[in-house]
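Peer 1: Okay, sequence plus prediction incoming.
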Amino acid sequence: MDLHFSIGPDKYQVPKHITVGVFERAIGWDISEPKNLKPFTATIVGCPLTALDILDVDVAEFITAICLQRMQLDEGTLQKEIDGFKLIDFDTMTFANFIDLDTYTSSGIGANLSNIVAVLYDAPKETVLEWDAVLIWPAILLLTKFRQSVYREYDEFFELGDQKEASDEAKESNIQLMWWEAIMALADEVFLHIHQVVERPYKECLNYLTWKKSKAQKEKLNNLRIKNDIQKRSR
């Protein structure tokens, strides 16, 4: 449905398709708060907030309803290529790609949609900002499922149970610190080795990190046993 309206000499149109850039800006408004509905609508339409104040209440509410409807994205069909940019191979992605996607996702998909899509399709951010959000959404859903499966597979490394009670800010900070420490561990704390590390396959890196963490825990347990044995003998 083509929906447009005029206010004086100015004409505005509700876009038929929401771009990644518009979606990213609009999703920032908490629409559970009635006061945010107008700025949410103005963001999608691209009109001044004062323009909506001039409209009849029923008309403004109708336009908002259409905007809300067009922000609803479903599973759709996965696009393996958009404008010549191919979807990343989830199984063979680099450690750098995985870290970027995990960090952006943990910080909020809506707020980081263009960054995530840019990594998923190896495309410039300014390019993906103009893409139809409907086209990229199946890839986002695939990413969330993939990320969950990786976290389950490498639960010994991620230790999700320890983060359940943490705040969103703490989780984000923990994830950023965790990945930095992981990179430095793989690079043997040599800064110039970082580039070599992050270009390795993500599975290879997580396998090694899981092994190294398990090894460290076993050594710690063994040291505790030795300490306890010494204390018993000294009594």
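Peer 2: Done, it's in. Model, not experiment: these values are computed from the prediction.
Peer 1: dump the residue contacts of the residue nearest to Phe157 when sequence neighbours are not counted.
Peer 2: In space, and not counting its chain neighbours, Phe157 is closest to Thr210: 4.4 Å by CB to CB, 6 or more residues apart in numbering. All C-beta atoms are positioned from the backbone trio N, CA, C, and that covers glycine. Each residue near Thr210 by CB atoms under 8 Å, 6 or more residues apart in numbering is listed here: Tyr154, Glu156, Phe157.
Peer 1: Please give the number of neighbouring residues around the second one.
Peer 2: Burial of Glu156 is recorded as 12 neighbouring residues (other CB atoms under 10 Å).
Peer 1: Show me which positions of the host helix or strand of it end up buried.
Peer 2: Assigned by DSSP states H and E, Glu156 belongs to helix 155-158. Residues of helix 155-158 classed as buried: Phe157, Phe158 (neighbour count, 16 or more other CB atoms under 10 Å).
Peer 1: going forward, begin numbering at 801 instead of 1
Peer 2: Done: numbering now begins at 801, and the last item shifts to helix 955-958.
Peer 1: That helix packs against which elements?
Peer 2: helix 1002-1033 (3 or more CB pairs under 8 Å, 6 or more residues apart in numbering; DSSP states H and E).
Peer 1: same thing but at 10 Å, please
Peer 2: Contacts defined by 3 or more CB pairs under 10 Å, 6 or more residues apart in numbering; DSSP states H and E place helix 955-958 against helix 933-953, helix 968-986, helix 1002-1033.
Peer 1: wait, which of those is closest to Gly808?
Peer 2: Counting by CB to CB, Gly808 lies closest to helix 933-953 out of these; the figure is 30.6 Å.
Peer 1: Show the average pLDDT along the closest one.
Peer 2: Mean pLDDT, computed over helix 933-953, is 96.
Peer 1: before we move on, the earlier item: would you format the contacts of Thr1010 as CSV with distance to Leu803 included?
Peer 2: Formatted as CSV, the contacts of Thr1010 follow (distance: CB to CB, whole Å):
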residue, distance to Leu803
Tyr954, 47
Glu956, 53
Phe957, 50
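Peer 1: now, which of the residues you listed sits nearest Met871?
Peer 2: Within the contacts of Thr1010, the smallest distance to Met871 is 34.0 Å, found for Tyr954 (CB to CB).
Peer 1: Excluding residues flanking it in the chain, which one is nearest that closest one?
Peer 2: Spatial nearest neighbour of Tyr954, chain neighbours left out: Leu1006 (5.0 Å); criterion: CB to CB, 6+ apart.
Peer 1: Please report how far the one you found lies from Asn912.
Peer 2: 22 Å (CB to CB, to the nearest Å).
Peer 1: what do you get for Glu861?
Peer 2: Distance of Glu861 to Asn912, given as CB to CB: 31 Å.
Peer 1: These two: which has the busier surroundings?
Peer 2: Taking other CB under 10 Å, Glu861 and Asn912 do not tie; Asn912 has more neighbours (19 against 13).
Peer 1: so the more buried one makes contact with Tyr904?
Peer 2: Yes - with contacts counted by CB atoms under 10 Å, Asn912 reaches Tyr904, the gap being 4.0 Å.
Peer 1: quick revisit: residues in contact with the residue nearest to Tyr954?
Peer 2: Contacts for Leu1006 (CB atoms under 10 Å, 6 or more residues apart in numbering) come out as Phe895, Phe898, Val950, Glu953, Tyr954, Phe957, Phe958, Ala982.
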